[in-house]
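S.K.: could you work out the structure for the sequence below:
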Amino acid sequence: MPLPHRSQLKMKEDIYYDYEGAFRGVVEDSCDIAFTKHSIPIDYASNGQYAQTGWTGLGPASDYALLCPTPLNGAFCTDVANYADCNFGNAPPHTIFVASDWPAVEVQEFQAVLDAANNDPAFNALLFQGKNTAGSIFVSDATKTLAYSGTVDALVAPIEKAATSLEAINAAKPPTGAAAGLLPSLLGVVAAATSGLVLAAAL
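M.R.: Numbers count the residues shown, from 1 in each chain. Okay, the predicted model is just below:
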């Protein structure tokens, strides 16, 4: 018997929980924008691989758009497939960290084990390829493991920069006059940057 997708596991907690739930909020007109993952509008639309029959008003991926921090081809909205060129930064993946003084040989041995697993068809079939739906070891949409030798500061730098920007916006005086109408859009952009994820909106 196939395991339920993680959206089904979380449904009892809050229907607008997590990446999928945020997108559902847009679909069901409970919100105007959603801070979600780049793949969610494509995967959960009515023509996606995880199309949700219980969502009210769910349409195909073409019914939704990404909001871009800067114009893309002259527009601030673009097709959800253009996430590589329209996004607010990259969120760090689920990561295993070790102390900087950890023996290098042990780190290399651990990486070698993961590399071998990545090249093992049985491992890939079991944990990647969409079969690890409960997210018990890796997140459900993981495709492979990667070695990272940089610092924690470098890995989270985009999120830190976005958070600093949000703090500056919150500390600023509210705009008046014609600029006041831009405030919701501005806050949406900054909040999306803080999440490090793309922003989906209903057209």
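S.K.: adjacent strands (with direction) for the lengthiest strand in the chain?
M.R.: Secondary structure assigned by DSSP state E gives strand 64-72 as the longest strand of the chain. Sheet pairing of strand 64-72 (DSSP bridges) gives strand 75-79 (antiparallel), strand 199-202 (antiparallel).
S.K.: worst-scoring helix or strand of this protein, pLDDT-wise?
M.R.: helix 183-195 (a mean of 37; mean pLDDT, DSSP states H and E).
S.K.: surely residue 45 and residue 57 touch.
M.R.: No. Using CB atoms under 8 Å, residue 45 makes no contact with residue 57, being 11.4 Å away. C-beta: built from backbone N, CA, C; applies to glycine.
S.K.: how is the chain divided into domains?
M.R.: As assigned by automatic domain parsing, the chain contains the domains 6-92+152-202, 109-147.
S.K.: whichever helix in the chain runs longest packs against which elements?
M.R.: Assignment by DSSP state H gives helix 152-171 as the longest helix of the chain. Judged by 3 or more CB pairs under 8 Å, 6 or more residues apart in numbering; DSSP states H and E, helix 152-171 is in contact with helix 183-195.
S.K.: can you pull out the helices in the protein?
M.R.: 6-10, 18-27, 40-44, 104-118, 121-127, 152-171, 183-195.
S.K.: redo these as JSON lines? Include mean neighbour count.
M.R.: As requested, the helices of the chain are exported to JSON lines (neighbours: other CB atoms under 10 Å):
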{"stretch": "helix 6-10", "mean neighbour count": "18"}
{"stretch": "helix 18-27", "mean neighbour count": "22"}
{"stretch": "helix 40-44", "mean neighbour count": "24"}
{"stretch": "helix 104-118", "mean neighbour count": "12"}
{"stretch": "helix 121-127", "mean neighbour count": "12"}
{"stretch": "helix 152-171", "mean neighbour count": "13"}
{"stretch": "helix 183-195", "mean neighbour count": "17"}
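S.K.: residue 61 and residue 79, how far apart?
M.R.: Separation of residue 61 from residue 79 (CB to CB, to the nearest Å): 8 Å.
S.K.: who has more neighbours out of those two?
M.R.: residue 61 (18 against 15; other CB atoms under 10 Å).
S.K.: my read: that one touches residue 80, true?
M.R.: Yes. Counting by CB under 8 Å, residue 80 is a contact partner of residue 61 at 5.4 Å.
S.K.: overlap of the contact sets of these two?
M.R.: Counting by CB atoms under 8 Å, 6 or more residues apart in numbering, the contacts common to residue 61 and residue 80 are 41-42.
S.K.: circling back: turn the helices of the chain into CSV, including distance to residue 68.
M.R.: Shown next, in CSV, are these (distance: least, CB to CB, whole Å):
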stretch, distance to residue 68
helix 6-10, 26
helix 18-27, 16
helix 40-44, 14
helix 104-118, 33
helix 121-127, 34
helix 152-171, 15
helix 183-195, 9
